[in-house]
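Asks: What follows is a predicted structure for the sequence shown.
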Amino acid sequence: LAIAFILLIDTLTGGNLQRFSVLSYDAMSGARYYGIGNEYMGVLMGATIIAATLIVQRFQKRPTAALVAAGCLLLTVLVILGAPWWGSNFGGFTAALIAFGYTFWRLSGIRLRPRNVIIGLAVVALLCGGVFMFDYLRPPEVRSHFGQFVSAVEASGFPAIQEMVTRKVSMNYKLFTSTIWTKVLLGSLLALGILFYCPVGVFKGMLTKNPAIATGLVGALLGAFTALIFNDSGIVAAATAVVFPVATLFYLVIREQMASL
């Protein structure tokens, strides 16, 4: 929760801390000069999901208040992440929208019905389209890459979409074969796989005792996967996002083992 709070405050106040952080802007390579980069987008998304589920788990005796607090946290992060004048990270916004939506749905206990699925997909489509169009309607000189993309599609049609997809796939492939974040992601997933089976039976019992946290683990992993798909450096965002569920799981396993001694 503290990590998410610090990142939100810094983004709202101009990103002064991120500007000098090793995980943020890279002026030499021209990676990013504004908003939230994919490194911190992954951090913010993973930390927020785990924080929201911990709130619900901690305040089980006041489920409605806890769910409202968790929902407000998720919504606040989503708005700041997607706003062109704050986070300006559409790939992160889309990934977070899917992961946050899943997490809140599971926490709320709403039954999965065809009608609810259709409504959920419609909300995702409307919010994503709304962000694009809102930025596109701003003056050209102040548009972020959201509005610029809509303008390019309007001018060139399908080739603009094809160029964007090709660029994102190419960048992800390049990073997957060259960046240290690939090792972080694969190492985290390997650790997660080991914890599923060792110690025997602990994982299942622990998640049964902590259902909200179990939802957070799945939600954060879903966020990492969608970040990998929707971002041109998705491997980076996925690696930083997956750290939080893995670290949380390690803590719970250690606590469970210590309690059994």
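Replies: Everything's here; your move. Keep in mind that what you see is a predicted model, and the values were worked out from it rather than measured. Numbering: from 1, shown residues only.
Asks: so what secondary structure elements neighbour the host helix or strand of residue 193?
Replies: Residue 193 belongs to helix 181-197 when elements are defined using DSSP states H and E. Secondary-structure packing of helix 181-197 (3 or more C-beta pairs under 8 Å, 6 or more residues apart in numbering; DSSP states H and E): helix 158-178, helix 202-209, helix 234-259. For the C-beta atoms, the positions are set from N, CA and C on the backbone; glycine is no exception.
Asks: tell me which residues in stretch 65-78 are buried?
Replies: 66, 67, 70, 71, 73, 74, 77, 78 (16 or more other C-beta atoms under 10 Å).
Asks: any idea of the mean pLDDT for it?
Replies: Stretch 65-78 shows a mean pLDDT of 94.
Asks: With stretch 168-188 instead?
Replies: The pLDDT scores in stretch 168-188 average 82.
Asks: again, but for stretch 100-116
Replies: Mean predicted lDDT for stretch 100-116 stands at 86.
Asks: Please save the CA atoms from that stretch in CSV.
Replies: Provided in CSV are the C-alpha atoms of stretch 100-116 (Å, rounded to 0.1, in the frame of the first residue of the first chain):
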residue,chain,number,x,y,z
PHE,A,100,-8.5,-4.8,-11.4
GLY,A,101,-11.9,-5.8,-12.9
TYR,A,102,-11.2,-9.5,-12.3
THR,A,103,-9.9,-8.8,-8.8
PHE,A,104,-12.9,-6.7,-7.7
TRP,A,105,-15.3,-9.2,-9.3
ARG,A,106,-13.8,-12.0,-7.2
LEU,A,107,-13.7,-10.0,-4.0
SER,A,108,-17.3,-8.9,-4.5
GLY,A,109,-18.6,-12.4,-4.9
ILE,A,110,-20.8,-11.5,-7.9
ARG,A,111,-21.8,-14.7,-9.8
LEU,A,112,-20.4,-15.2,-13.3
ARG,A,113,-23.3,-15.1,-15.7
PRO,A,114,-23.4,-14.3,-19.4
ARG,A,115,-25.1,-11.0,-18.8
ASN,A,116,-22.4,-9.9,-16.3
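Asks: buried set for it?
Replies: Neighbour-count burial for stretch 100-116 [16+ other C-beta under 10 Å]: 100, 101, 102, 103, 104, 105, 106, 107.
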